[in-house]
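Peer 1: Give me a model of this one.
(one chain, ligands or ions: 1)
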Amino acid sequence: MSSPLSNFIDNRPAPPISGLYMDVTDPATNAACGSCPLSDAADVAAAVKAADRAFPAWSTLTMKARAALMLKFHALVRANAGRLADLIVLENGKNRTEALADVAKGNETVEWACTLPSVAQGRRLDVSRGISCRDERRPLGVVAAIAPFNFPFMVPMWTVPIALVMGNTVVLKPSEKVPLTMAAVAGLFVEAGFPPGAFNMVHGSAAACTALMCAPAVKAVTFVGSSPIASLVSNKCRELNKRVLALGGAKNHLVALPDCSVQDTARDVVTSAFGAAGQRCMAASVLLIVGSRLPSLVDSVVEAASKIVLGQAPGELGPVIDEGSLRKIRGYVDAAEKGGARILLDGRDPSPVPKEGGNWMKPTVILHSDKADPALHDEIFGPVLSVYQVETWQEAIEIENASPFGNAACIYTSKGGNADWFTSRFRAGMLGVNVGIPVPREPFSFGGLYGTLSKYGDGDITGEGAMEFFSDRIKVTTRWPTVEEELEFVKGGAA
Ligand code: NAD
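Peer 2: Numbers count the residues shown, from 1 in each chain. Purely as a prediction, here's the structure:
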């Protein structure tokens, strides 16, 4: 096991003042593979102070200068992708292809952040004779980012690079379940030439997050994680009059119409439901099958899912994050079975497992008959797909619209008109047509629907939404004498 991690403040490792640590475990075996600081308010204060001290110099560099450093960081991430992916496999459990994708997708946002000087300009308009209005983007100051366990690199990159290039200084709090990846990334900021205090990181859990939100110098907070904590973070920040964007959980519905391609739909649904062991906020959770395609589509889904083997090599299904999560996932399947659902593919007994002692579960497909089954409605966050048959399009929409979540939804069909009917009625922030994981890429932003359990706060994350979030538009109204007025004045003065 490697030596205990430190916080990262002013470009240097900073052992936690709290002196407290927790074990980081390998989900494949549950053996300890690291030691994560549990920072307290004093640790957070030190990181925020460093970020606050760095802000005046960092924010007055040109945006091009900041983007140039980010470009170097981008190259370093690419050069270190294999090493970072190894850490993601170790602490998160993903298979190696998924871990490399975590790094590559995160680095796409870094790449977009490098283009901000071409898109982040202000505006100017002449509004009256001699009077013009313009707005200028200004950074906010110190901003905080709080991340979940399921994408150790990609989710921190949704905000950190954009916040930095826009001129803010950052304090990141990675998930205490997966702190090793970002600990390795911190050194790359130094290697790229970022000045001390621009990027800082504190490890820990609830206490560190609370101290971060409450620190007076922190002007804005982004959070990605479960809905109850997203709601709590959003309420706290609102109370403190801070800008906040808090993305929560998901229960994504995929609707298959009778005119969909059975093979393509089955393949896509299986990838969406079981990739990353179902621990994605974009994972397919519920497949609603309209009409007569049920037997052939379900057979194809079950056949494709049953071929997935456990392991962490490309294409294999990794473990879920911890024992508590495994217990919760199995509990939903047990309860659904008790309530009369048919378990078409049962992954609860994972034997033989690739490594002993880990949180393994094979793909599971449940065919529900009770519309009220909690497994159909709650976020399970594991390798479980719920299937439910409906007779009409209207019924499919009613079920999707009734979900308290609103992250993503997808329609499978071969007709454009059918797709339009559904995309104009789905109640979710990110929609797919024949795409089970409809992740918008920059310059588009990522985020569920406001007013649901999937999103609280302002704007969207990544892309142009993050550019807006991490800047203030300062409005400047100017009045200068026109050339004609100047001439009149000179003439008048001469007389
Ligand atoms: P989590 O809510 O348990 O933890 C997320 C972060 O919150 C961690 O850094 C944790 O330390 C911190 N935290 C824990 N308790 C806190 C408290 N009381 N106050 C403030 N912060 C606290 O989430 P998780 O289990 O790490 O991640 C899985 C969840 O994240 C799922 O619900 C998933 O859907 C969601 N998620 C959502 C998106 C999205 O874009 N909507 C993306 C990825 C993950």
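Peer 1: measure the residue in the chain that the ligand sits nearest to to Arg330 for me?
Peer 2: As assessed by CB to the nearest ligand atom, the ligand sits closest to Gly225 within the chain, at 2.7 Å. (Each C-beta comes from the backbone N, C-alpha and C, glycine too.) Taking CB to CB, to the nearest Å as the criterion, Gly225 is separated from Arg330 by 22 Å.
Peer 1: who has more neighbours, those two?
Peer 2: Of the pair Gly225 and Arg330, Gly225 is the one with more neighbours under other CB atoms under 10 Å, namely 22 against 18.
Peer 1: Low-confidence ranges, the protein, go.
Peer 2: 1, 292-293, 493-495 (pLDDT under 70).
Peer 1: Output the set of residues of it in proximity to the ligand.
Peer 2: Contact residues, the chain versus the ligand (CB under 6 Å from any ligand atom): 146-150, 155, 173, 175-176, 205-206, 209-210, 224-226, 229, 232-233, 247-250, 281, 379, 381, 407, 448, 454.
Peer 1: tally of neighbours for Arg342?
Peer 2: Neighbours around Arg342, by other CB under 10 Å: 12.
Peer 1: Name the residues linked to the nearest residue to it once chain neighbours are set aside by a beta bridge.
Peer 2: Closest residue to Arg342 apart from its sequence neighbours, by CB to CB, 6 or more residues apart in numbering: Leu367 at 4.4 Å. Bridge pairing for Leu367 (DSSP bridges) gives the partners Arg342, Val387.
Peer 1: quick one: Leu367 and Ala341 touch, right?
Peer 2: Yes. With contacts counted by CB atoms under 8 Å, Leu367 reaches Ala341, the gap being 6.3 Å.
Peer 1: Which neighbours do these two have in common?
Peer 2: Listed contacts common to Leu367 and Ala341 are nil; contacts here mean CB atoms under 8 Å, 6 or more residues apart in numbering.
Peer 1: returning to what we had before: ignoring the adjacent residues along the chain, who's closest to the residue of the chain closest to the ligand?
Peer 2: Using CB to CB, 6+ apart, the closest residue to Gly225 is Pro148 (4.3 Å).
Peer 1: Identify the residues contacting the one you found.
Peer 2: Val155, Ser175, Val224, Gly225, Ser226.
Peer 1: Please flag which of the residues you listed sit within helices.
Peer 2: Counting by DSSP state H, these place Val155 in helices.
Peer 1: Between the contacts of Pro148, identify the one with the most neighbours.
Peer 2: Going by other CB under 10 Å, Val155 tops the contacts of Pro148 with 31 neighbours.
Peer 1: Was I right to think it contacts Gly225?
Peer 2: No. Using CB under 8 Å, Val155 is not in contact with Gly225, being 9.2 Å away.
Peer 1: shared neighbours, these two?
Peer 2: Contacts common to Val155 and Gly225, judged by CB under 8 Å, 6+ apart, are Ala147, Pro148.
Peer 1: Helices of the stretch 1-150 of the chain, start to end?
Peer 2: 41-60, 63-79, 81-92, 96-114, 116-119 (DSSP state H, counting those that start in this stretch).
Peer 1: What residues does the residue sitting nearest the centre point of the chain make contact with?
Peer 2: The centroid of the chain falls nearest to Val155 when counting by CA atoms, centre = their mean (4.3 Å). Val155 makes contacts with Gly106, Ala147, Pro148, Val224, as judged by CB under 8 Å, 6+ apart.
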